[in-house]
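>>> please find the sequence and the predicted model below.
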Amino acid sequence: MKKIISGILTLSLAIILFANMEQRCQSRNRTSCKRLKSIINHMWIVKVLRLQECGRGFLYPCLDQAVQYFQEHYNQPLSIKEYAAAHNLSEGWFIQNFKQYTNSTPAQYLLSLRIHNAKVLLESTNYNVTEISNIIGYENPLYFSRIFKKQTGFSPSEYRKKIFSEDNSTHSVSIISPD
């Protein structure tokens with residue numbers, strides 16, 4: 001929100017300066033004034049488009065883009081601060097609006113993506129914990145195991161055993177012999 005207000009104030013200031021410049025240019029070289037007006041108009045349009053991209057009413061495309069980016073790059077080192085800066089957003093604004101949009105902060109969202117994908121790999125592959133840790137973006141398998149246990153209540157190995165024991169018990173058929 002602060003970024004939007006800042007952008008609106010910048011635009012208001014630009015309009016005032018533009019009007020002031022126009023008054024001064026009337027008595028001077030009209031060609032250079034037209035050129036300057038053109039440059040300022042272009043800058044103003046670019047600013048408006050940037051505000052619309054992530055401003056009120058245009059918030060969801062901006063955050064959809066962030067969600068998609070995180071889904072595609074969750075297994076790489078990501079910095080929320082760098083992501084926000086690369087998209088001309090303040091870190092605080094981005095975190096606040098991302099949380100409103102997804103009900104979790106960007107860091108929580110990344111963590112949930114990693115844990116979800118670790119669960120899928122534990123359930124569907126024979127990769128060991130170290131391999132899964134590397135696949136989902138953690139270099140340290142011990143750190144991954146601690147995070148996984150904190151989020152699920154089980155270590156990765158315990159989770160895999162639990163899943164396979166549940167699969168075997170739900171898929172087993174009890175044969176009842178007729179008496």
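That came through, no problem.
>>> surely N117 and L110 touch.
No: with contacts counted by CB atoms under 8 Å, N117 stays clear of L110, the gap being 10.9 Å. For the C-beta atoms, the positions are set from N, CA and C on the backbone; glycine is no exception.
>>> overlap in contacts, those two.
Common contact partners of N117 and L110 (CB atoms under 8 Å, 6 or more residues apart in numbering): Y74.
>>> shaky segments in the chain?
Along the chain, segments meeting pLDDT under 70 span 1-60, 167-179.
>>> can you give me the helices in it?
Counting by DSSP state H, one finds helices in the chain at the ranges 2-25, 30-54, 59-73, 80-86, 91-102, 106-124, 129-135, 141-152, 156-171.
>>> buried stuff in stretch 100-118?
By 16 or more other CB atoms under 10 Å, the buried positions in stretch 100-118 come out as 101-102, 106, 109-111, 113-115, 117-118.
>>> with just CA atoms, put that stretch into PDB.
Output in PDB follows, covering the C-alpha atoms of stretch 100-118 (Å, rounded to 0.1, in the frame of the first residue of the first chain):
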ATOM      1  CA  GLN A 100      -3.400 -11.800   2.200                       C
ATOM      2  CA  TYR A 101      -3.500 -13.600  -1.200                       C
ATOM      3  CA  THR A 102      -2.300 -17.100  -0.100                       C
ATOM      4  CA  ASN A 103      -2.900 -17.100   3.700                       C
ATOM      5  CA  SER A 104       0.800 -17.600   4.200                       C
ATOM      6  CA  THR A 105       4.000 -15.600   4.000                       C
ATOM      7  CA  PRO A 106       6.300 -16.300   1.000                       C
ATOM      8  CA  ALA A 107       8.700 -18.100   3.300                       C
ATOM      9  CA  GLN A 108       5.900 -20.300   4.700                       C
ATOM     10  CA  TYR A 109       4.600 -20.900   1.200                       C
ATOM     11  CA  LEU A 110       8.000 -22.100   0.000                       C
ATOM     12  CA  LEU A 111       8.400 -24.300   3.000                       C
ATOM     13  CA  SER A 112       5.000 -25.900   2.400                       C
ATOM     14  CA  LEU A 113       5.900 -26.500  -1.300                       C
ATOM     15  CA  ARG A 114       9.100 -28.200  -0.200                       C
ATOM     16  CA  ILE A 115       7.500 -30.400   2.400                       C
ATOM     17  CA  HIS A 116       4.600 -31.300   0.100                       C
ATOM     18  CA  ASN A 117       7.000 -32.400  -2.600                       C
ATOM     19  CA  ALA A 118       9.200 -34.200  -0.100                       C
END
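>>> quick revisit: from the buried residues of stretch 100-118, pick the one nearest Q151.
I115 (4.9 Å; CB to CB).
>>> got the contact list for the closest one?
Listed by CB under 8 Å, 6+ apart, the contact set of I115 reads 147-148, 151-152.
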